[in-house]
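Trainee: With the sequence up front, the predicted model follows.
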Amino acid sequence: MSNSKPSSRSNVGFWLAAGLITVSAAGLAASAWPLVMATAHTQSDRLFEAGKTAQGSEAQLNFDLAVRLNPSNQPAALELARTQIAAGQSQQATRTLGRAGEGTEALRLRLKSQLELGRLNDAAASANKLATTVSTTNDDLVLAALTNILNANSERNQNLVGRITAPEAAGRVAAAQSDKITLARELYASGLLESSKRLLVKQPPSYERDYLLANIDYTQPTSDNLTSAEKHATTAVALNPVSQPARQLLIRILNASDKTEAAAKQQRLLAQLKSGRP
């Protein structure tokens, strides 16, 4: 649950600082300009801290305002790009990352934005660079490996897998190479929703495919996404009527769409499943 009060105070501070800058640009004495900039930078830092304790769109707003007040605030730019990618705004994230420097985290997010936009050639170059940085982690190597699989360059993963130190991470790469649905599941687990969806829509209907598509659509519950999520969850339930997770997801989707009677019906069917009754 997000904390709205700190954000509200932060946003008031933003407009005060923005007002100071506007007045200064209109003719404030040059001697006062350093004070104005110091105020803006201080408020930018406060907004950045407020964003770290907020969630979703509230966090994104705080990071956005922080970057507007201080375009050199690289930590705020990194967090803004992260929230933009999570919200399906990878094009905006690409622009934001232009202010985020050239560190490993910026490279990691740049790779994710390229994958989400379907820019696989650019992503392949970024993945190779990420895999050779000094601070590369197992998760980075998995991300690079998933990029290679998407580019049909699985042979490059032989060296990468040999460098992965966690068996679970190595297992993820091996599983992702086995079939498209598992690859899509690993992309989803890495926060790459659009990349996962792009793969899944090309596959024939199946319980695994439609259940995952329903989850992806429900992650960003716009009206259109809820309609799509309901369709896929309904298909998943039809293909696997005893699946409790799929029916629970369908119930959440129906409630989010204000279809309370349909949700109540599914809730009764779920109760029967849990009790073992047909």
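Mentor: Nice, I can see it. Numbering: from 1, shown residues only.

Trainee: can you map out the helices along the stretch 1-150 of the chain?
Mentor: 4-25, 33-53, 56-69, 74-86, 90-96, 104-116, 120-131, 138-150 (DSSP state H, counting those that start in this stretch).

Trainee: Out of the ones you listed, which is closest to residue 262?
Mentor: Closest to residue 262 of the helices of the stretch 1-150 of the chain, according to Cβ to Cβ: helix 56-69, at 26.6 Å. Backbone N, C-alpha and C define where each C-beta goes, glycine included.

Trainee: which secondary structure elements does that closest one contact?
Mentor: helix 4-25, helix 33-53, helix 74-86 (3 or more Cβ pairs under 8 Å, 6 or more residues apart in numbering; DSSP states H and E).

Trainee: check contacts around residue 107.
Mentor: Taking Cβ atoms under 8 Å, 6 or more residues apart in numbering, we find residue 107 in contact with 126, 129-130, 133.

Trainee: Kindly recompute the last result at 6 Å.
Mentor: residue 130 (Cβ atoms under 6 Å, 6 or more residues apart in numbering).

Trainee: Kindly state which of the helices of the stretch 1-150 of the chain is positioned closest to residue 255.
Mentor: Short answer: helix 56-69, nearest of the helices of the stretch 1-150 of the chain by Cβ to Cβ, at 18.7 Å.

Trainee: now that closest one against helix 74-86, angle please.
Mentor: For helix 56-69 against helix 74-86, the angle by axes from the mean of the first three to the mean of the last three Cα atoms, to 10 degrees is 140 degrees.

Trainee: Pull out the buried residues from helix 56-69.
Mentor: Judged by neighbour count (16 or more other Cβ atoms under 10 Å), helix 56-69 contains these buried residues: 58-69.

Trainee: Closest one of the residues you listed to residue 196?
Mentor: Distances from residue 196 to these, taken by Cβ to Cβ, are shortest for residue 60, at 21.5 Å.

Trainee: Tell me who's in contact with the closest one.
Mentor: residue 83.

Trainee: got the buried residues for the strand or helix carrying residue 161?
Mentor: Per DSSP states H and E: residue 161 is located in helix 157-163. Across helix 157-163, burial judged by 16+ other Cβ under 10 Å covers 157, 160-161.

Trainee: out of everything not next to it in sequence, what's closest to the residue sitting nearest the centre point of the chain?
Mentor: Centroid-nearest residue in the chain: residue 86, 2.1 Å away (criterion: Cα atoms, centre = their mean). Closest residue to residue 86 apart from its sequence neighbours, by Cβ to Cβ, 6 or more residues apart in numbering: residue 191 at 6.5 Å.

Trainee: got it, and residue 93?
Mentor: Per Cβ to Cβ, 6+ apart, closest to residue 93 is residue 84, 3.9 Å.

Trainee: Can you check the pLDDT for residue 150?
Mentor: Confidence at residue 150, expressed as pLDDT, is 93.

Trainee: OK, contacts around it?
Mentor: Taking Cβ under 6 Å, 6+ apart as the test, what residue 150 contacts is residue 120.
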